[in-house]
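Q: Sequence and predicted structure below; questions after.
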Amino acid sequence: MSLQDLNSIVQNAPPGLLKGSLDKQGRMQVPVEAISFLKEFGFTKLFITSVDGKTAKIYPIEVWRRNQALLASVPQHAELAKRLSFFARAHGGEEAIDTAGRLLLPLELRALLKLEKQSVWLEFHQGAATILTQKDYDARMGLSTEHLTTDLAVAESLGFV
């Protein structure tokens, strides 16, 4: 996947937070907007994992393979690449959205992040989606709200409309 392809994906990703839910079997009901976006780019296989031990990520398999190739192309970071890749593979898995619009999250990932029956939000960024739990959502909303006045003033001074 070229940088130009990735830029096109990033530019066409859903701009808002998309609400979904997890059932007791660990299947996430994927929002329609996310399914449409993935279909638009022909993404059928997804790699679901965590790379930080705190949040879950959904990568189109092509984007995940690009990440792997990127890390492999920098020999001075070979050990970093091995460690990060091992962690992601140990908690991840390749899945596809089923005909009912659900995505099964890997058991190891659900255990690591304590993902269980709950509402979740998808936030698309740089070609992947982060799964935010209610706790993640509340923490980010609190931080955003706390700094909103100052952040908006700075953004407007930069030309934000």
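A: Cool, got the structure.

Q: So which residues of the protein form strands?
A: Applying DSSP state E to the chain gives strands spanning 18-22, 27-29, 46-49, 56-60, 93-95, 102-104, 118-125, 128-133.

Q: nearest to residue 80, of these?
A: Residue 80 sits nearest to strand 46-49 of all those, at 16.3 Å, using CB to CB. Any C-beta I mention is one placed from the backbone N, CA and C, and that applies to glycine too.

Q: Now do that closest one: which elements does it pack against?
A: strand 56-60, helix 61-72, helix 78-91, strand 93-95 (3 or more CB pairs under 8 Å, 6 or more residues apart in numbering; DSSP states H and E).

Q: Run me through the strand neighbours of that strand, direction for each.
A: Applying DSSP bridges, strand 46-49 is found paired with strand 56-60 (antiparallel), strand 93-95 (antiparallel).

Q: where's that strand relative to the chain centroid, distance-wise?
A: Computed by CA atoms, centre = their mean, to the nearest Å, the chain-centroid distance of strand 46-49 equals 9 Å.

Q: Repeat that for stretch 49-56.
A: On the basis of CA atoms, centre = their mean, stretch 49-56 sits 9 Å off its chain's mean C-alpha point.

Q: Compute the mean per-residue pLDDT across it, please.
A: Averaged across stretch 49-56, pLDDT comes to 94.

Q: Packed most tightly, which of the strands paired with strand 46-49 would that be?
A: A comparison of the strands paired with strand 46-49 by mean neighbour count, using mean count of other CB atoms under 10 Å, puts strand 56-60 on top with a mean of 24.

Q: by how many degrees do that strand and helix 61-72 diverge?
A: Here strand 56-60 runs at an angle of 100 degrees relative to helix 61-72 (axes from the mean of the first three to the mean of the last three CA atoms, to 10 degrees).

Q: Name the surrounding residues that touch strand 56-60.
A: With contact meaning CB atoms under 8 Å, 6 or more residues apart in numbering, strand 56-60 is reached by 9, 38, 41, 43, 45-51, 67, 103, 105, 109, 113, 115, 122, 127-131.

Q: Selecting buried members of these in ChimeraX, what would you type?
A: Of the contacts of strand 56-60, the buried ones go into a single ChimeraX selection, burial set by 16 or more other CB atoms under 10 Å:
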select :9,38,41,43,46,47,48,49,50,51,67,103,105,109,113,115,122,127,128,129,130,131
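
Q: Please produce JSON lines containing the strands of the chain, extended by distance to residue 84.
A: What follows is the strands of the chain, written out as JSON lines (distance: least, CB to CB, whole Å):
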{"stretch": "strand 18-22", "distance to residue 84": "25"}
{"stretch": "strand 27-29", "distance to residue 84": "24"}
{"stretch": "strand 46-49", "distance to residue 84": "10"}
{"stretch": "strand 56-60", "distance to residue 84": "12"}
{"stretch": "strand 93-95", "distance to residue 84": "16"}
{"stretch": "strand 102-104", "distance to residue 84": "23"}
{"stretch": "strand 118-125", "distance to residue 84": "18"}
{"stretch": "strand 128-133", "distance to residue 84": "14"}
